[in-house]
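Engineer: any chance you can model this:
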Amino acid sequence: LFVLLVSAYTAYNVYTCASRYNARVAHNHTSERLLKSHPYTLALRFLHAPAPFCAPRKCVGVLFIRCGVAAAAMSSKRKADSEPSLDDVGPLSKKPTVTAVAAPSSAAAGTLVNPKRIRVLKAGTIGNGPVVLWMSRDQRMNDNWALLYAIEAAQKAAAAAGGEGGGSPQVAVAFNLVPAFLGAGARQFGFMLRGLRELQPRLEARGIPFFLLKGDPAQTLPSLVSRLGAGLLVTDYSPLRLGRQWKEQVCAAVSVPVHEVDAHNVVPVWVASDKREVGARTLRPKIHKHLPEYLRDFPEVPTLPTWSHPIRPEPVDWEALLEEVLTRGSEVPEVDWCKPGEEAALAALNGPSGFLSPSRLSLYDTKRNDPSTPKALSGLSPYLHFGQLAPQRAALEAAKHRAKYKAAVESYLEELVVRRELSDNFCHYTPDYDRLSCAAEWARESLNKHRGDKREFLYRREQLEAGRTHDELWNACQLEMVHRGKMHGFMRMYWAKKILEWTASPEEAIEIAIYLNDRYELDGRDPSGYVGVMWSMAGIHDMGWAERPIFGKIRYMNYAGCKRKFDIKAYCAYVDRLVAEVRAKQRGLMQKKTKPATAAGVAGAVAGGVAAAAGGAGAAATALTATAAAATAAAAVAVKVKAEVKEEEEEEAGPSPGTTAGAAKGGAGSKAGSPSRAAKGSSSSPKPSEGSGGKRRKPAAA
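Structural biologist: Alright, predicted model coming up:
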């Protein structure tokens, strides 16, 4: 009877624990390592369960643990003998990252590109004419799967057309310049055009002509395809709405097949997942599953025969084009800290002072969230955004340093591969990725509930754009973005959340944040930028937190929390120096431009030409006006806004029950706070100093 009772109780506990465990696995998508510890979980559940027979229970529990050890060992052996696990990619930590690098081959024998990287946008038979690569997002020659696929398709078509003797593969690259692209100005267009100017001779040296088109892609691309008699149109991949609309229009206008290649992600977005992922925790295992197949080195770009088609590209006057673009978008001038081009991108990655140099890589793990130490960040986002550097190349090179800088490399690869490709996943499967409608139901309900909450401060877009708020920290990060074209990653979260707090509605906050980001950030108009804004304001890839005014259940950040994490005064001083240096350079350039005009006016006056004298006077007046404006701007910067800061004891609240349990924490990057800490008071912001521009008024009606 005793044996029967013990056996029955053991079976009951094993069944109960197994059911609960399986439910937890199904809900949380736990990893294989937890599966290996399953026997231990059952044993501990049995040992701690209440029962009248303590000693027999412990004896049976010990026996069960020993059985579990044997079962885990057998399971590990079977797994090792069959297929590779996540452990083959790298150590399984809280946030596992990419560490393995495969051999150079990337597809089946005789092919350059894995066929799974390609999807057909328009079906049809590939003709005998040249293959045209519509280059857009990935603006480079090396490490470019789209270019490699175009070459491979041209070689196959030429071989099929030429019989035994073979044909002559012909590939042309076309880039379509759209004058007004999502608010881009001289800063972004200048960086892109200088990179393309360097790219053109690289392509021509490999027998690939470069066609620079201007205007609406729906008209220019079909015209070029028709004139060349192309047999196939290849394009690179982008998840953004406008680019996808262009491709739909082009597909409707051309009569040849159109193939799209994901040359931007390590794992193609349609291979990694077939749906919008909840967060990094759900996408990460899917990406790791495919890394052995996709994280491989690139083959070299073959040299093709000289372009023999009668239609050749028109010469590009790069200087005139740059002058036109820079003049039209002069409100947001270029920056000089980030040199454009494929060669400069590799130097920024692997050069003596590049990100992977010991002096900088060693800082990444501990200092990347300190805005006063900008060198701790990679600074590669402009190159990744414009496709002048392949993310896969950056991952391959970073993985080489893992033995010496393990923590730094793992953290960087998590951001570079998992988090960045999570942004593409979101935009790919969410057409309204830049609107509040894309948020989870709990986030929308929470924000709508607090839509009418009183705002202590309300700012217009012009005040925010000029950095004229009561918060010195927010002003500093805004001015860093305006003058440097790059805001520190940690500050992007604080920056966006404060816009939500200081505007009348979530919709207005999202619109302003995207406008400022796309206008001033060198890497604006990017999936990572849109996801960063929506994570901060709409809880995308995040979880619900304790409810508070205005924010509802959206994660909260404040000045006091930032002060505990880094030296705010040091960061503000760094931005002050940066702004002063940039403005000094701009004044120098302005003086160089005004001197010739003034000299011409003086010469005209001496010659006796009344009209020329008037022109000289006008030039002098223009110079005087510009000098006065520069002096006014310098005076405005010199006046430092002093704010009295009332710090909160706690920065953020604990997670709210019943809201997307288990969602990824800090989906857009580093954590803004811990869910275990509860706020002990309401939000209190520094009072606006005189002339700060802050206004206390009621928000607009919902």
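Engineer: CA only for contacts and neighbour counts going forward, please
Structural biologist: OK.
Engineer: is it true that residue 402 touches residue 413?
Structural biologist: No: in this structure, residue 402 is not within contact of residue 413 by CA atoms under 8 Å, at 10.2 Å.
Engineer: which of the two has more neighbours?
Structural biologist: Using other CA atoms under 10 Å, the more surrounded residue of residue 402 and residue 413 is residue 413, with 22 against 16.
Engineer: and the strands in the protein?
Structural biologist: 118-122, 131-135, 171-177, 210-214, 232-236, 258-261 (DSSP state E).
Engineer: could you dump these to a markdown table with mean neighbour count, distance to residue 383 and mean pLDDT?
Structural biologist: Shown next, in a markdown table, are those (neighbours: other CA atoms under 10 Å; distance: least, CA to CA, whole Å; pLDDT from 0 to 100):
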| stretch | mean neighbour count | distance to residue 383 | mean pLDDT |
| --- | --- | --- | --- |
| strand 118-122 | 17 | 23 | 98 |
| strand 131-135 | 26 | 15 | 99 |
| strand 171-177 | 22 | 17 | 98 |
| strand 210-214 | 19 | 20 | 97 |
| strand 232-236 | 25 | 16 | 98 |
| strand 258-261 | 23 | 19 | 98 |
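Engineer: kindly reformat those as TSV containing distance to residue 250.
Structural biologist: Below are the strands of the chain laid out as TSV (distance: least, CA to CA, whole Å):
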stretch	distance to residue 250
strand 118-122	10
strand 131-135	11
strand 171-177	12
strand 210-214	14
strand 232-236	10
strand 258-261	9
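Engineer: what is the burial count for the residue nearest to residue 351 when sequence neighbours are not counted?
Structural biologist: Spatial nearest neighbour of residue 351, excluding adjacent residues (CA to CA, 6 or more residues apart in numbering): residue 357 at 7.1 Å. Residue 357 sits with 15 neighbouring residues when counted by other CA under 10 Å.
Engineer: of the strands of the chain, which is nearest residue 314?
Structural biologist: For those, proximity to residue 314 was assessed by CA to CA; strand 210-214 is nearest, at 7.3 Å.
Engineer: can you pull the contacts of residue 338?
Structural biologist: Taking CA atoms under 8 Å, 6 or more residues apart in numbering, we find residue 338 in contact with no residue.
Engineer: next one: it from residue 143, what distance?
Structural biologist: Applying CA to CA, to the nearest Å, the value for residue 338 to residue 143 is 21 Å.
Engineer: just residue 567 next, same as before
Structural biologist: Distance of residue 567 to residue 143, given as CA to CA: 40 Å.
Engineer: ditto for residue 537
Structural biologist: 36 Å.
Engineer: between those two, who's got more neighbours?
Structural biologist: More crowded of residue 537 and residue 143, by other CA under 10 Å: residue 537, with 29 against 22.
Engineer: quick one: that one and residue 510 touch, right?
Structural biologist: Yes: applying CA under 8 Å, one finds residue 537 in contact with residue 510, separated by 7.2 Å.
Engineer: confidence-wise, which helix or strand of this protein is lowest on average?
Structural biologist: helix 32-36 (a mean of 36; mean pLDDT, DSSP states H and E).
Engineer: show me the domain layout of this structure.
Structural biologist: 2-83, 115-323, 337-429, 434-702 (automatic domain parsing).
Engineer: just send the ones you listed back as TSV, with distance to residue 330 too.
Structural biologist: As requested, the domains of the chain are exported to TSV (distance: least, CA to CA, whole Å):
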stretch	distance to residue 330
domain 2-83	50
domain 115-323	6
domain 337-429	18
domain 434-702	12
